[in-house]
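Q: need coordinates for the below:
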Amino acid sequence: LAARRREKTTILLRGRGASALRLGLARFGEGLVLFIPASLAGLIAAQTLVDGTPPPSPIWLAIAIAVVLALVYVILALPSAAGDLGRLMADRPLRGKRVRRLVIEAAIFSAAAGSILLIRRRGLEGSSAGFDPLLAAGPLLVALAAGVLMMRAVPYAARLASTFGSRARGVVGLVGFRSLARRSLPAQLPPLVLLVGVTIAVFGAVLGSTVRSMQEEGSWHTVGANYRIEPTVEGSRISPLLSLADVPGIEATADGVLLRAQVSDRGSNRGSIQTLGLDLAGYQTVNSKTFADPHLPNSMLRELKPEDVGTESNPIPAVVSLDWPLATPIVGQRLTLVIDHLDVVVVVEELRGEFPGLEVGRPFVILSREALGLANERIDVDPNRRYVRASDSLSGELDASLKSQQRGAILVSRPSILTSIRANPVGSTVFRITQISILVAGILSSVAVVAGFTLTSRERNRDLGYLRAVGLSRGKMTWVTFTEQLPPATLATLAGALMGIVLMLLIGPALDLTPLTGTDIVRGPSIIWGPIAAVAAGLLGTVVIASAIYSYLNRDMDLAGVLRRGER
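A: Have a look, this model is predicted:
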């Protein structure tokens with residue numbers, strides 16, 4: 001916008017003898033005056049909003065960004081500062097040098113590919129040397145590369161669409177797409193900004209929803225249910241006199257016993273196994289349709305024959321950990337566990353990497369508590385865990401009930417754990433940054449939409465004025481504006497949303513989000529389509545509203561002034 005505003009002044013100064021070098025230096029100085037305060041303001045905002053160690057010399061980094069933007073400003077002013085003066089005085093458009101543009105685009109693609117490769121190999125923090133600008137700029141560079149592709153593709157697609165539009169009745173399609181195909185390079189920049197803004201907004205939305213989802217899942221995995229009751233003294237059992245009948249609103253409960261076992265291998269005992277005996281049907285009811293839903297195999301829910309339970313002839317069905325002290329077992333294999341110096345034979349029904357309520361990274365076996373008691377009556381299967389299904393609001397009532405009974409039991413509350421996880425300063429800061437990035441990117445994209453109208457207003461007014469002079473109605477004029485503005489905005493919005501998701505898929509494996517989630521469980525990106533659809537709909541709605549306002553303000557166009565344009 002600033003470069004476009006200076007075009008006529010630059011041409012006038014060139015006609016009076018000013019050199020291209022002096023004009024370029026003047027634009028560079030003007031750019032520094034514009035961008036250095038903005039960069040410093042951005043630096044202050046970043047340091048205010050983000051708690052952490054800043055990169056070395058952040059002030060010089062902000063000034064370097066301002067210098068780069070000032071150079072971009074000079075490049076945009078080059079056509080009028082160094083172009084053919086005769087063409088400029090005749091108001092004929094200049095064509096930029098293709099080689100220079102190709103070199104810039106190739107540099108953007110190379111930097112984007114390099115940053116993604118580095119992120120995938122080293123993570124966002126990079127090496128111990130500290131802040132790496134190429135790593136930090138990865139999402140922006142990828143968005144710019146996608147925008148360059150879009151800028152290259154839109155004119156060709158518009159020419160193709162105008163060819164088909166010329167065969168239809170009326171001039172709406174033909175004029176709208178022809179105007180889109182003839183856009184100058186500066187006029188193509190607002191869709192690029194729109195694409196970058198949408199990419200950053202969607203990337204922030206996906207990152208924020210992924211962190212929130214992993215925090216939620218982490219809290220369920222830590223507790224194993226919405227609430228868990230366990231004895232205050234490790235190794236003891238829950239009192240059989242403990243009752244929750246005085247707490248209304250409890251939907252279901254299930255008991256479990258966590259034991260320590262070893263796996264027997266040819267007479268020798270190896271490793272330590274977390275062995276969790278559960279009331280399987282009850283536990284499945286407690287966690288149905290939650291992050292802790294066990295999805296137990298049907299074979300484990302069937303009633304066992306009471307004879308010789310836990311022997312080779314009648315093994316207990318079990319879910320077994322993939323992380324095993326010996327060679328990883330296979331489905332259908334029989335394993336001998338040693339519990340309290342007693343042998344219990346289980347058969348592997350399913351292999352899993354983790355199970356709700358158990359420590360990640362340690363081997364485990366999940367089986368029926370009833371079957372474990374039938375296997376040998378000397379094994380103490382009295383519960384030391386009670387899982388409770390109840391609403392989040394019952395945390396206080398459950399805790400008060402346990403304290404009033406004084407049965408040596410404590411409450412482990414998943415809602416309280418989730419609150420403490422989300423109160424983590426690092427996690428809360430990251431989530432706040434994602435929300436701010438969505439807001440800022442949305443505002444930036446909206447400004448880009450308005451800037452697109454401004455940058456193309458002169459050519460649009462000229463074309464629409466000629467068409468109005470030969471009889472184009474006001475309604476058709478509005479549709480011509482829609483045809484010119486909506487396709488690039490729609491393409492930029494959809495491409496930006498896609499790039500935001502692809503970016504998360506590309507660099508997601510390199511992002512260590514476990515410090516923010518309270519668990520070592522790693523999950524893929526969590527895509528919530530509502531915020532993404534809201535961002536896309538809001539930006540496209542901005543285009544429609546801006547087109548309508550523009551058409552309304554130009555409904556009484558000065559046709560005489562349009563027809564006299566070009567006279568000296």
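Q: C-alpha from now on. contacts and neighbour counts both.
A: Fine.
Q: ok, then the element right after the host helix or strand of E30?
A: Element membership of E30 [criterion: DSSP states H and E] is helix 20-49. Note on helix 20-49: by DSSP H and E, the next helix or strand toward the C-terminus is helix 58-82.
Q: which helices and strands sit right next to that next one?
A: helix 2-5, helix 7-15, helix 20-49 (3 or more CA pairs under 8 Å, 6 or more residues apart in numbering; DSSP states H and E).
Q: just the buried positions in stretch 23-40, please.
A: The neighbour-count check on stretch 23-40 (16 or more other CA atoms under 10 Å) flags L23, G24, R27, F28, G31, L32, F35, I36, S39, L40 as buried.
Q: residue contacts, the closest residue to the first one other than its chain neighbours?
A: Nearest in space to L23, with sequence neighbours left out and distances taken as CA to CA, 6 or more residues apart in numbering, is A81 at 6.3 Å. Listed by CA atoms under 8 Å, 6 or more residues apart in numbering, the contact set of A81 reads T10, I11, R14, A20, L23, G24.
Q: re the thing from before, now do the helix holding E30 against helix 7-15, angle only.
A: Relative orientation of helix 20-49 and helix 7-15, computed by axes from the mean of the first three to the mean of the last three CA atoms, to 10 degrees: 150 degrees.
Q: and helix 20-49, how far out from the chain middle?
A: 30 Å (CA atoms, centre = their mean, to the nearest Å).
Q: check which helices and strands it sits against.
A: Counting contacts by 3+ CA pairs under 8 Å, 6+ apart, helix 20-49 packs against helix 58-82.
Q: name the SS class of A254, please.
A: strand (DSSP: H, G, I helix; E, B strand; the rest coil).
Q: may I have the beta-bridge partners of it?
A: Note on A254: beta-bridge partners Y387, judged by DSSP bridges.
Q: N384 is in contact with that one, correct?
A: No: if you go by CA atoms under 8 Å, A254 and N384 don't touch, sitting 11.2 Å apart.
Q: related to what we said a few turns ago, and of the helices and strands packed on helix 58-82, who's closest to S446?
A: When these are compared by CA to CA, helix 2-5 sits nearest S446, at 17.8 Å.
Q: got the CA positions of that closest one in PDB?
A: In PDB, the C-alpha atoms belonging to helix 2-5 read as follows (Å, rounded to 0.1, in the frame of the first residue of the first chain):
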ATOM      1  CA  ALA A   2       2.800   2.400   0.900                       C
ATOM      2  CA  ALA A   3       4.700   1.600  -2.400                       C
ATOM      3  CA  ARG A   4       1.500   2.100  -4.400                       C
ATOM      4  CA  ARG A   5       0.800   5.500  -2.700                       C
END
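Q: show me what it is packed up against.
A: Helices and strands touching helix 2-5, by 3+ CA pairs under 8 Å, 6+ apart, are helix 58-82.
Q: so where do the helices sit in the stretch 401-550 of the chain?
A: Here the stretch 401-550 of the chain has its helices, by DSSP state H, counting those that start in this stretch, at 414-422, 425-455, 457-469, 474-507, 514-517, 529-553.
Q: hang on, the earlier thing: make TSV out of the buried residues of stretch 23-40 and add distance to V154.
A: Below are those laid out as TSV (distance: CA to CA, whole Å):
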residue	distance to V154
L23	32
G24	30
R27	30
F28	31
G31	29
L32	32
F35	30
I36	33
S39	32
L40	35
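Q: which among those gets closest to V211?
A: Looking across those and measuring by CA to CA, the closest to V211 is S39, at 29.2 Å.
Q: the closest one contacts A64, doesn't it?
A: No: counting by CA under 8 Å, A64 is not a contact partner of S39; they are 9.0 Å apart.
Q: list the contacts of D246.
A: S401.
Q: from V388, how far off is it?
A: 14 Å (CA to CA, to the nearest Å).
Q: what does G147 give?
A: Counting by CA to CA - G147 and V388 are separated by 52 Å.
Q: nearest to K305, out of the helices of the stretch 401-550 of the chain?
A: Nearest to K305, of all the helices of the stretch 401-550 of the chain, is helix 414-422, at 36.6 Å by CA to CA.
Q: tilt between the closest one and helix 425-455?
A: Angle between the axes of helix 414-422 and helix 425-455 is 60 degrees (criterion: the same axes, to 10 degrees).
Q: what's the burial count for S404?
A: S404 has 8 neighbours, counted by other CA atoms under 10 Å.
Q: picking that back up, tell me the angle the helix holding E30 makes with helix 58-82.
A: 150 degrees.
Q: for helix 20-49, what does the pLDDT average out to?
A: Average pLDDT, helix 20-49: 88.
Q: check stretch 223-238 too.
A: The average of the pLDDT scores along stretch 223-238 is 90.
Q: what's it in contact with?
A: 220, 286-287, 292, 356-358, 382-392, 407-415.
Q: and those, which of them are in strands?
A: Among the contacts of stretch 223-238, DSSP state E puts R385, R386, Y387, V388, R389, A409, I410, L411, V412, S413 in strands.
Q: the first one: neighbouring residues, count only.
A: Under the neighbour criterion other CA under 10 Å, R385 is assigned a count of 21.
Q: what's the answer for the second one, then?
A: Residue crowding around R386 was assessed by other CA under 10 Å; the count is 22.
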